[in-house]
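Trainee: I would like to see how this sequence folds:
(4 chains)
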Number of protein chains: 4
Amino acid sequence: MYIMKNDYNHGAHPAILEALMATNDQSFNGYGLDPMCEKAEAEIKKYLDCPNAHVHFLLGGTQTNYTLIAAALKPFQSVICADCGHVNGHETGAVENTGHKLLIQPNTNGKLRAEQIRKEAATYANCDCQEHVTQPKLVYLSFPTAFGTLYSKQELLDIKAVCDEFGLILFIDGARMSYGLAAPENDVTLADLAAIADAFYLGGTKCGTLFGEALVLTKEWLHQDFRAYMKQNGAMLAKGWLLGVQFDTMFKDGLYFDIAKQAIDYAMEIKAAFQAKNVPLYIDSPTNQQFIIADDALMAKLGEKFIYEYIEGLDDGRHVLRFCTSWSTKREEVDALLAVIDTL
Amino acid sequence: MYIMKNDYNHGAHPAILEALMATNDQSFNGYGLDPMCEKAEAEIKKYLDCPNAHVHFLLGGTQTNYTLIAAALKPFQSVICADCGHVNGHETGAVENTGHKLLIQPNTNGKLRAEQIRKEAATYANCDCQEHVTQPKLVYLSFPTAFGTLYSKQELLDIKAVCDEFGLILFIDGARMSYGLAAPENDVTLADLAAIADAFYLGGTKCGTLFGEALVLTKEWLHQDFRAYMKQNGAMLAKGWLLGVQFDTMFKDGLYFDIAKQAIDYAMEIKAAFQAKNVPLYIDSPTNQQFIIADDALMAKLGEKFIYEYIEGLDDGRHVLRFCTSWSTKREEVDALLAVIDTL
Amino acid sequence: MYIMKNDYNHGAHPAILEALMATNDQSFNGYGLDPMCEKAEAEIKKYLDCPNAHVHFLLGGTQTNYTLIAAALKPFQSVICADCGHVNGHETGAVENTGHKLLIQPNTNGKLRAEQIRKEAATYANCDCQEHVTQPKLVYLSFPTAFGTLYSKQELLDIKAVCDEFGLILFIDGARMSYGLAAPENDVTLADLAAIADAFYLGGTKCGTLFGEALVLTKEWLHQDFRAYMKQNGAMLAKGWLLGVQFDTMFKDGLYFDIAKQAIDYAMEIKAAFQAKNVPLYIDSPTNQQFIIADDALMAKLGEKFIYEYIEGLDDGRHVLRFCTSWSTKREEVDALLAVIDTL
Amino acid sequence: MYIMKNDYNHGAHPAILEALMATNDQSFNGYGLDPMCEKAEAEIKKYLDCPNAHVHFLLGGTQTNYTLIAAALKPFQSVICADCGHVNGHETGAVENTGHKLLIQPNTNGKLRAEQIRKEAATYANCDCQEHVTQPKLVYLSFPTAFGTLYSKQELLDIKAVCDEFGLILFIDGARMSYGLAAPENDVTLADLAAIADAFYLGGTKCGTLFGEALVLTKEWLHQDFRAYMKQNGAMLAKGWLLGVQFDTMFKDGLYFDIAKQAIDYAMEIKAAFQAKNVPLYIDSPTNQQFIIADDALMAKLGEKFIYEYIEGLDDGRHVLRFCTSWSTKREEVDALLAVIDTL
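Mentor: Model prediction:
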């Protein structure tokens, strides 16, 4: 069986393990205050064109999301997010557990629209009893989204304009960032994100490291006490240099981008193969997650050799399935899937 | 100007103040452990046919809602509620502030449907990765709803059946309970509520007391530590007997029901008058809140003498307005409104 | 039996009930946005000499304490308080329930010393791993303290100096404020408190109202979103004017001060009587709470006619008992106690 | 410079990295539901003699502490711990951030005494106003303690007896567990801990893994929803098998115990050397942390070649310093330190 259900089913790119081996006999200061974290931060900042940015290394996505939100918001403030946002449906209410409400919006191709954000913010701004409702204060986006889609640079600028108008904080979950950046249709750079977002992260777990996310804070006020929030929320690794070593390996020579490119190429081959056989796409994703609609027969056929992710059942009895490629996907896995599709 | 925007713009029924005067020179034990609270609990329990029920007296609705929810749920559990529920849009995220997520459902005439609850509960029950989502564990209803509508006894029994099937806690916000009970179309009794709900409350603030809500807990496990939750959440009045005195006054001779009956009669006169002039209702409410749809001219006309509650603007430019009656509404206020309507 | 165990065992001063009666037939806007709250705020501010102060009316002491602290602190910040502080031992962990740690100090005559505050703040300031500990940010005092003692003006100025040096917020719990102000040895005025503290409150519950506390915020940043915190924490009374009416009654003609004066006079008579009979004081309190040390025989004797508060047992088998006077204490109660003491 | 300030300044034992390399090309199911975690759990359980125990793998100590406490306690319940407990002074108030109060006790040689626990529990049990205080419900111990000391089996049994008497949960922080088990004076086994504690953990971070802690839950009710608490608190690693691989490596052949033994031997050599030169110990630690009292001259001398942990300054001007050995300590480091001590 080939596992194509997600993009976190293998350890790490070999270069990561080599780097960990190479530094294993050295002694380091703890809690992320070490030369490797400094080096990794510097390597990442080369892409940002944002001298005042700070980079913190956390252990996972859920943790990064709720820790940032806990640090950014006051108790009466809330988060605008799409219904398909990871913070809404996949984190066991971690954001609410920190005390903050989510103002959930229906998604459009996985995305929030600037107009939705404006409406929430304007409703609050015009409310004559503001103290009875939460203040929408932070916008949570994912790049790519839960459905693999991408915001265009213009869409992000439109959202930023609304955020600026209403004083909202813009936070972008980049758990799959490398796949977004590597997509042919993408027109957003890391420097764009640093210019647009108050905070965003470069996922490691799904993008080639053993674990870890690199959170970029472009505003000094967010950075100021952030290490205290990390410690309080269990997000500060004692041996912080392990994250520094991994992200340094990823960014010093562009490995982060190269290995995502291959995953995207594979995903596009798979998408094209499904389309050639008229298998309907649930959504047209330009990144490493591909969503198809399958009837019972197709699902059974695909299930013979592949472990996919079952997303949901449709009212007409058909099924939405996800196939993921990743940095660890092998040519032979893709070929095996293409061979099955070819028989349809 | 006549204030008809809400049902909490006057102090208390005169009998309440008289009772407070009559007991003002007595000395009482604090924190609700006094004969007046015992007496009030006993008077309320006469209506419940539920010997094991316990009654706690809290100070307001928001406080009662989040304190009960904080006491009833574990951190990973969540609340199923309607989008128009008070806990969702009028309490500054108080429930989320206690750490719990709301699973918000579109309302039907202000109500949750049993089928919506079943779907949420079943989705969780059938989920193969339950630990990634919150567990729906408590159903929050309002009786009457935010739009003044009422659940029938059968609707409540259907909801209870779903709750029993999935082990859900049923909590009913009764901030306007007396108006629901007094409505001609109502077929639910307090004994029904005690048999159906795990917790519900008898609103005082909107129903004739100065302040206070009487929370009925029909399950021993909810009662057991509830006073600790009250204290921790600022919901335990030092001079608790003030609440006992008020609720005793309300329930010992049925005053609670009588004064609501008058409010309902007035509301029905107002509704009939609007309907006679073909003013569209936003929703057909059988209780003390009446919602009409008004164009600019009608809104201006009504605004000359009356302070109503502005609910929202419709896409067609018209407006939803609320007129409330209450235990304190006077004949002359109703007549004044009827007179204006008559000129339309 | 005479109840002298606490200062909240009677309803309200008659003038309070009269004022509630007088306004009971009027209609008011809700949630504290009404002329009575404005009037009460203005009457209180006459004593403050602090034009930029704001006054908010909450329902009880525990609620006021945790709501102010929740509004003032970020999640990684903590509270410096005495071990006998109400927030530590009498509020079911309400402050911790909002997420904040208490840094508890041994008291000296019920009081925190400036030096203790300095030590905590300096330890943090000099810590080279600040992110591993909470940041001491708010100092919680009580005036009078839990043992009835008073900070002198100089003690408060010394504490303020430390707060200013380290950027700490100074918050004073004034649940028994009137008794402190009325004590002959007191040299602190409300204007002093407004000049010294960032927030303090004028207790109503224990000082003559039915319920309610008047929280004075002398800093604009604390005031700015405070109503949202009140609503979120169940501390915003729907019929807010009930608090306005009560505090207006208390402050417009100095009633707040007058009725406390009498309670203090009674307390001093009681203290003197005990001392004349060589009954040891547990602490020498200048206010309405008197603490004596009694052996079994004395405790039994006093218990024949009086309900006192049992504070704690001493290692030598004797007992600490509290006798309270209040605005509601009657001459005959005092005389009865003096008569018993006289027989010792 | 030799770093001897802590026991987490090196990556991992080589066998750990080899095991990660060996499994890096395999594909695994996520979130700890994989054969490696199952294997590791089975290997650990071989030592427990507790068939119903469950093992969960978390990422770090702070996270494990607050997640377990959040899962074990209701909002009004609190934790009894020593003042030197990690949860009190080194976790940025993480426990309070989950809403729970710590009832802090002075330590005796780093330890809580059964009698202290009994006193807290009995005070609550005998309190006639329990709802005004938190309920002591969980006892937090560390084995070894923050000062490297160990509870004897009898001490643990005495504590368990109190816990059983008052219905308290016993939780043991084992961040340095291997060093405790390897100490010559230790008489406690893992099977003893499984029989005595409701929850305890086997530290990985400080004991030879890259990161990770293995939490043993001996009660089914604690285990039941624990994965939801892990996810909600950012403590569930996406690639959970990385922890399984590491702990399997540690426990399948006893590596966990062997490498700690060496660290203890080194520590005892260092202690003996200091004692031979009459350098006073701050505390007599039988494990890998050694605490000495140094004057300025000695501190300077030691600081020439060694990075130690500065614990605190004493009133007499001398200093408490910590030297740690660990699984990664080399013979040459120890020899270098012994050589310096020899010159004293």
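Trainee: Could you find the closest non-adjacent residue to A:C37?
Mentor: Of all residues not flanking A:C37 in the chain, A:G244 sits nearest, at 3.5 Å (C-beta to C-beta, 6 or more residues apart in numbering or on different chains). (Each C-beta comes from the backbone N, C-alpha and C, glycine too.)
Trainee: Just after the host helix or strand of that neighbour, pick out the following helix or strand.
Mentor: Element membership for A:G244, per DSSP states H and E: helix A:241-252. Using DSSP H and E, the helix or strand that follows helix A:241-252 in sequence is helix A:255-276.
Trainee: ok so, going back, contacting residues for the residue nearest to A:C37?
Mentor: A:G244 sits next to A:G32, A:D34, A:P35, A:M36, A:C37, A:E38, A:K39, A:A40, A:E41, A:F57 when contact means C-beta atoms under 8 Å, 6 or more residues apart in numbering or on different chains.
Trainee: What subset of these is buried?
Mentor: Among these, those classed as buried by neighbour count (16 or more other C-beta atoms under 10 Å in any protein chain shown) are A:G32, A:D34, A:M36, A:C37, A:K39, A:A40, A:E41, A:F57.
Trainee: and which of the residues you listed is nearest C:Y140?
Mentor: Nearest to C:Y140 out of the buried ones among the contacts of A:G244 is A:G32 (C-beta to C-beta; 33.2 Å).
Trainee: can you pull out the strands in the stretch 201-344 of chain A?
Mentor: Using DSSP state E, counting those that start in this stretch, the strands of the stretch 201-344 of chain A run over residues A:213-217, A:281-283, A:289-294, A:306-307, A:309-313, A:319-324.
Trainee: among those strands, which is nearest A:K119?
Mentor: Proximity to A:K119 (C-beta to C-beta) singles out strand A:281-283 among the strands of the stretch 201-344 of chain A, at 23.9 Å.
Trainee: before we move on, back to that, tell me the pLDDT at the residue nearest to A:C37?
Mentor: If you check A:G244, the pLDDT there is 98.
Trainee: same check, this time on the one 10 residues further on
Mentor: At A:G254 the predicted local confidence, pLDDT, stands at 97.
Trainee: and if you look at the one 5 residues further on?
Mentor: Predicted confidence (pLDDT) for A:I259: 96.
Trainee: For it, which non-adjacent residue is spatially closest?
Mentor: A:W327 (3.8 Å).
Trainee: Surely the one you found is in contact with A:A263?
Mentor: Yes: checked against C-beta atoms under 8 Å, the pair A:W327 and A:A263 is within contact range at 5.7 Å.
Trainee: what do the two both touch?
Mentor: Common neighbours of A:W327 and A:A263 (C-beta under 8 Å, 6+ apart) are A:D7.
Trainee: of these two, who's got more company?
Mentor: Higher neighbour count among A:W327 and A:A263: A:A263, with 26 against 23, using other C-beta atoms under 10 Å in any protein chain shown.
Trainee: now the residue sitting furthest away from the middle of chain A: how far from D:N107?
Mentor: Here chain A reaches farthest from its C-alpha mean at A:D128, the gap being 36.8 Å by C-alpha atoms, centre = their mean. Remark: distance between A:D128 and D:N107 (C-beta to C-beta, to the nearest Å) = 55 Å.
Trainee: Strands of the stretch 1-150 of chain A, residue ranges please.
Mentor: Using DSSP E, counting those that start in this stretch, strands in the stretch 1-150 of chain A cover A:2-3, A:54-58, A:77-82, A:102-105, A:135-142.
Trainee: Next, the contact list for the closest residue to A:Q246 other than its chain neighbours, please.
Mentor: Leaving aside its sequence neighbours, A:Q246 sits nearest to A:T209 (C-beta to C-beta, 6+ apart; 4.3 Å). With contact set as C-beta under 8 Å, 6+ apart, A:T209 has these partners: A:A12, A:H13, A:I16, A:Q246, A:F247, A:M250.
Trainee: Could you rerun that using 7 Å?
Mentor: A:A12, A:I16, A:Q246, A:M250 (C-beta atoms under 7 Å, 6 or more residues apart in numbering or on different chains).
Trainee: residues from chain A in reach of chain B?
Mentor: By the rule C-beta under 7 Å from any C-beta of the partner chain, the part of chain A lying against chain B is A:75-76, A:78, A:89-90, A:92-93, A:96-97, A:99-101, A:131-134.
Trainee: Turn the buried ones among the residues you listed into a named PyMOL selection, would you?
Mentor: The buried subset of these, as determined by 16+ other C-beta under 10 Å, is captured in PyMOL by this line:
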select buried, chain A and resi 75+76+78+90+92+93+96+97+99+100+101+131+132+133+134
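Trainee: Looking at the residues of chain A next to chain B, which one is closest to chain D?
Mentor: Using C-beta to the nearest C-beta, A:T92 is the member of these that sits closest to chain D, with 3.9 Å.
Trainee: Quick check, that closest one in contact with B:T134.
Mentor: Yes: if you go by C-beta atoms under 7 Å, A:T92 and B:T134 touch, sitting 5.8 Å apart.
Trainee: Common neighbours of those two, please.
Mentor: By C-beta under 7 Å, 6+ apart, the residues touching both A:T92 and B:T134 are B:F76.
Trainee: which ones are touching the residue in the stretch 101-250 of chain A that chain D sits nearest to?
Mentor: Residue nearest to chain D within the stretch 101-250 of chain A (C-beta to the nearest C-beta): A:G234, separated by 3.0 Å. A:G234 sits next to A:Q63, D:G60, D:T62, D:Q63, D:Y66, D:A94, D:N233, D:G234, D:A235 when contact means C-beta under 7 Å, 6+ apart.
Trainee: Could you report the distance from the first one to chain D?
Mentor: In this structure, A:Q63 and chain D are 3 Å apart, going by C-beta to the nearest C-beta, to the nearest Å.
Trainee: and that residue, how far is that from A:M236?
Mentor: Taken as C-beta to C-beta, the span from A:Q63 to A:M236 is 10 Å.
Trainee: go on, the second one?
Mentor: Distance of D:G60 to A:M236, given as C-beta to C-beta: 8 Å.
Trainee: So between those two, which is more surrounded?
Mentor: In terms of neighbours (other C-beta under 10 Å), A:M236 is the more surrounded of D:G60 and A:M236; the figures are 27 against 23.
Trainee: returning to that earlier point: which of the contacts of A:T209 tops the neighbour count?
Mentor: A:M250 (30 neighbours).
Trainee: Quick check: closest non-adjacent residue to that residue.
Mentor: A:Y256 (4.1 Å).
Trainee: One more: A:K301?
Mentor: Distances taken as C-beta to C-beta, 6+ apart put A:V340 closest to A:K301, at 6.8 Å, once the chain neighbours are dropped.
Trainee: If I look at A:E41, what pLDDT would I see?
Mentor: At A:E41, pLDDT is 98.
Trainee: my read: it touches A:V55, true?
Mentor: Yes: A:E41 lies in contact with A:V55 (C-beta under 7 Å); the separation is 4.1 Å.
Trainee: residues in contact with A:A146?
Mentor: A:C84, A:G85, A:H86, A:G110.
Trainee: tell me the domain ranges of chain A?
Mentor: Following automatic domain parsing, chain A resolves into domains at A:2-7+A:257-342, A:14-255.
Trainee: So which residues on the stretch 51-200 of chain A come close to chain C?
Mentor: A:A70, A:K74, A:P75, A:F76, A:E131, A:H132.
Trainee: how much space between the last one and C:G212?
Mentor: To tie it back to what came earlier, the one meant is A:H132. Using C-beta to C-beta, one gets 20 Å for the distance from A:H132 to C:G212.
Trainee: Check A:K231 too.
Mentor: Plainly put, A:K231 is 40 Å away from C:G212 if you go by C-beta to C-beta.
Trainee: Which one's more surrounded, the two?
Mentor: Counted by other C-beta under 10 Å, A:K231 and C:G212 do not tie: C:G212 has more neighbours, with 28 against 25.
Trainee: What pLDDT does the model give that one?
Mentor: Looking at C:G212, the pLDDT reads 98.
Trainee: Ok, the one 3 residues further on next?
Mentor: On the pLDDT scale, C:L215 is placed at 98.
Trainee: quick one: contacts for it?
Mentor: C:V55, C:H56, C:L58, C:T64, C:L68, C:A199, C:Y201.
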